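A.B. asks: Sequence plus the predicted model coming up.
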Amino acid sequence: MSALDTLLTAEPRVAAAGADLLIDSLGAQAVPVERVEWRPPLPGTENSLATVVADPRRAEANRQALDRMLASTSELVDVRPARDALGLQPGELLHAGPPLTWDRASGPMRGALIGAMIFEGLADSPDSAEAKLAAGAGITLTPCHERGAVGPMAGVVSPSMWMFELRDEANDGTSWCSLNEGLGKVLRYGAYSDDVIERLRWMSAVLGPLLQAAVRRRGRIDIKAIVAQMVQMGDEGHNRNRAGTLMLLRELLPDLIECGAPSSQVAEVTRFVSGNDHFFLNLVMPTGKLQTAAGAGIAGSTVVTTMARNGTDFGIQVSGTGDEWFTAPADTPDGLFLGSFGPDDANPDIGDSAVCETMGIGGFAMAAAPAIVRFVGGSVPLALHTSRLMYEITLAENPAYAYPILDFRGAPTGIDVTLVARTGVLPQINTGMAGKVAGTGQVGAGLVKPPAACFTAALDALAARTPGPAADSPSPPKSVV
């Protein structure tokens, strides 16, 4: 007997996708319905998607990328000024996101660059800093990612700023990130008032040197292990880093006390770190950079290795296309605001901190950190749904970062351009929001997604690079330098 013969005699089995009209109508008649989360592919991707999916190198290239990413390590090995760690010279400034020129810079990016100029003594006022940046003489702007570094929000790094230095011995990689200033009116959110500059000077004179002394005395600290623990303690690694910050302080405090610095300075540093729940974010970020860079530069791979924003553009990079950026205008996050600020005060998405989601935590791990919804908006059911949805666009699970509420399922890792195109599901990012007017600082926090155009452009570029059946084997990985 065929299924057609039993259509009118057996209990119906109904699957529905799309609008709720059919589901609601059948539900009202007590008919069980299975909802199918089907979505159409991203528009205009059919030809490129067919070409890339048929690439004979893709499966092996992605396997290699994922093997290297999952095997990556992350150890804090030093704390040094950017002039020493990255070789930055006077007038060289790094910034978050894809390449940017002053004339296209957003308010918070301009504010952070102005503040860096004053901090470095290259300008004596905001007006003179702005004039020199506009003229461009003796000033260069370079993405942090091009130097193997990452920077939160505006991500501006100047030679005198101190950097965390992390190593991935499994893949011979090194990455760096600046020290976290805290929340509110800080340089990375585009503020440059006298108190912001004074804090940066204290960080260079006291915080950086004491952290350097403690790390060198203590020896290497396994940051990946701390990230693994914090994800099981209610942190998701992007906008909630409370457990990670306190675990780092636990590792460093004995050596801070015994490093020979004045007790008053040790107390200042301890008070600053313990009172800044986001301090550990600046160690999560280079950990993510080490992981994703380990999978970069493999011909035929469709794994996303960079997601970053500069306040004007959102950009991604893909393993199989090397250092090429695929950009589109950044969207503005939707979320909760501080004080009297509202949606009209928020700048479009900004920062390298989307490396957290690129590595598989942050917005991907909200199921592991339900308390985060009180900071970025949304709800606990949304957090659970979002984490489950991210498995649909990733190729692997990272057992190092396991979610207790999902029965210790590993973090969804390895965003695949083809899966994004086929499902129409975009990566979820949770983030802080900077004021769009230079000098404002932080105005809130919320949720945002990359523009789909970044992924369609990357897919087209992969298709253009796809050879016939006699494709070359995947190339060796590119180190972070």
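C.D. replies: Arrived safely. For clarity, every value in this text was computed on a predicted model and none was experimentally measured.

A.B. asks: in the stretch 1-150 of the chain, what spans have low per-residue confidence?
C.D. replies: In the predicted model, the stretch 1-150 of the chain carries pLDDT under 70 at residues 1-13, 15-23, 26-27, 29-30, 34-39.

A.B. asks: can you pull out the helices in it?
C.D. replies: All helices of the stretch 1-150 of the chain, identified by DSSP state H, counting those that start in this stretch, fall at 21-28, 46-53, 58-71, 82-85, 107-119, 126-135.

A.B. asks: Make TSV out of the ones you listed and add mean neighbour count and distance to residue 425.
C.D. replies: C-beta here means a position set from N, CA and C on the backbone, and glycine is covered the same way. Output for the helices of the stretch 1-150 of the chain, formatted as TSV (neighbours: other CB atoms under 10 Å; distance: least, CB to CB, whole Å):
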stretch	mean neighbour count	distance to residue 425
helix 21-28	12	20
helix 46-53	16	14
helix 58-71	20	18
helix 82-85	18	37
helix 107-119	27	29
helix 126-135	16	39
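
A.B. asks: Quick one, which of the ones you listed gets closest to residue 277.
C.D. replies: Among these, helix 107-119 comes nearest to residue 277, with 21.1 Å by CB to CB.

A.B. asks: Give me the distance from the closest one to the chain's centre.
C.D. replies: Using CA atoms, centre = their mean, to the nearest Å, the distance from the centre of helix 107-119 to the centre of the chain it belongs to is 22 Å.

A.B. asks: For the remainder of this discussion, apply numbering that starts at 247.
C.D. replies: Shifting the count to begin at 247 puts that one at helix 353-365.

A.B. asks: and the protein, what are its domains?
C.D. replies: The chain breaks down into these domains under automatic domain parsing: 247-283, 292-315+543-710, 316-531.

A.B. asks: Out of these, which is the most enclosed?
C.D. replies: domain 292-315+543-710 (a mean of 22; mean count of other CB atoms under 10 Å).

A.B. asks: Residue 705 versus the residue nearest in space to the middle of the chain, what's the distance?
C.D. replies: Residue closest to the average C-alpha location in the chain (CA atoms, centre = their mean): residue 600, at 1.8 Å. Separation of residue 600 from residue 705 (CB to CB, to the nearest Å) stands at 19 Å.

A.B. asks: Turn the helices of the stretch 247-396 of the chain into TSV, columns for distance to residue 676.
C.D. replies: Formatted as TSV, these follow (distance: least, CB to CB, whole Å):
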stretch	distance to residue 676
helix 267-274	29
helix 292-299	28
helix 304-317	21
helix 328-331	28
helix 353-365	18
helix 372-381	31
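
A.B. asks: can you confirm residue 703 is in a helix?
C.D. replies: Yes. Counting by DSSP: H, G, I helix; E, B strand; the rest coil, residue 703 is located in a helix.

A.B. asks: Could you find the closest non-adjacent residue to it?
C.D. replies: Closest residue to residue 703 apart from its sequence neighbours, by CB to CB, 6 or more residues apart in numbering: residue 572 at 4.1 Å.

A.B. asks: before we move on, back to that, export the domains of the chain to TSV and append columns for distance to residue 537.
C.D. replies: Shown next, in TSV, are the domains of the chain (distance: least, CB to CB, whole Å):
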stretch	distance to residue 537
domain 247-283	28
domain 292-315+543-710	5
domain 316-531	4
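
A.B. asks: Hmm, residue 562 and residue 699 touching each other?
C.D. replies: No. Counting by CB atoms under 8 Å, residue 562 is not a contact partner of residue 699; they are 10.2 Å apart.

A.B. asks: Out of the helices of the stretch 247-396 of the chain, which gets nearest to residue 533?
C.D. replies: Between the helices of the stretch 247-396 of the chain, helix 304-317 lies closest to residue 533; by CB to CB that is 11.6 Å.

A.B. asks: where's residue 553 relative to residue 563, distance?
C.D. replies: Between residue 553 and residue 563 the computed distance is 8 Å (CB to CB).

A.B. asks: do residue 383 as well
C.D. replies: According to CB to CB, residue 383 stands 30 Å off from residue 563.

A.B. asks: just residue 514 next, same as before
C.D. replies: Distance of residue 514 to residue 563, computed by CB to CB: 39 Å.

A.B. asks: now residue 626
C.D. replies: Distance of residue 626 to residue 563, given as CB to CB: 33 Å.

A.B. asks: Kindly report the same for residue 362.
C.D. replies: As judged by CB to CB, residue 362 and residue 563 stand 25 Å apart.
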